[in-house]
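In: compute the structure for the input listed below.
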Amino acid sequence: MSSTSRTVQLVVGFDLDMTLIDTAPGFRDVLVALSSELGVELPVVELTAKLGPPLDLLLEPYVEADRMAAAIDRFRALYPSYAVTGTPALGGAREALAAVTDRGGRVLVVTGKFARNARLHLDHLDLVADHLEGEVWGVGKAAVLRREGASIYVGDHIHDVEGALAAGVTSVSVLTGGCTRAELVDAGTDVVLESLHEFPAWLEDHLAR
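Out: Here you go, the predicted structure:
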């Protein structure tokens, strides 16, 4: 068989927070505990609504620079106790992953979350990924998507769109996070879905083109 006639394997990347799982309640609880330990008043509701950017950017207005590294380390240490067991998979998440694997494809999870904590979520919810890459955000996700041969990246945030576009892959956005349809469209996403419930049908249609 010639190289030009070989079938290219489907590889689809997914964001984690608010794309595959609803981390908002657990994230809020960790912030409350961190705020108490640091003696710093954090706008928990506001920060929870902004899930997506790295933790240091979220905390930057409220935590002094010389305390930031310790604050992030403490957040990560508190996280497993407050934010894993109570965090559910979002509707359609398992079906979306299955839509890829049932076609012989590979599933990537590419997330800004600390990789060890991201793995705890996947294992607890039995969400199976062929590759997990943590602590990458925005256009930084592009290098991972290119390296792993992805053709689609699914996320909920405008920065997920930036990563997909920088990688030259199809950007699929879901409305389960903090960004509106208009914000995602303005960022340049190729597709907007209400939730991952719509992903299997979209994928089937996309691959049939």
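In: which other helices and strands contact the longest helix belonging to the chain?
Out: With DSSP state H applied, the helix covering the greatest number of residues in the chain is identified as helix 65-83. Using 3 or more CB pairs under 8 Å, 6 or more residues apart in numbering; DSSP states H and E as the contact criterion, the secondary-structure elements in contact with helix 65-83 are helix 24-38, helix 55-59, helix 115-125. All C-beta spots, glycine's among them, are computed from the backbone N, C-alpha and C.
In: just put those in JSON lines and tack on mean neighbour count.
Out: Conversion of the helices and strands packed on helix 65-83 to JSON lines gives the following (neighbours: other CB atoms under 10 Å):
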{"stretch": "helix 24-38", "mean neighbour count": "18"}
{"stretch": "helix 55-59", "mean neighbour count": "18"}
{"stretch": "helix 115-125", "mean neighbour count": "17"}
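In: reformat the ones you listed as CSV; add mean pLDDT and distance to residue 192.
Out: Compiled in CSV, those are given as follows (pLDDT from 0 to 100; distance: least, CB to CB, whole Å):
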stretch, mean pLDDT, distance to residue 192
helix 24-38, 95, 20
helix 55-59, 92, 25
helix 115-125, 97, 25
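In: would TSV of those with distance to residue 73 be doable?
Out: Putting the helices and strands packed on helix 65-83 into TSV (distance: least, CB to CB, whole Å) gives the following:
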stretch	distance to residue 73
helix 24-38	11
helix 55-59	10
helix 115-125	12
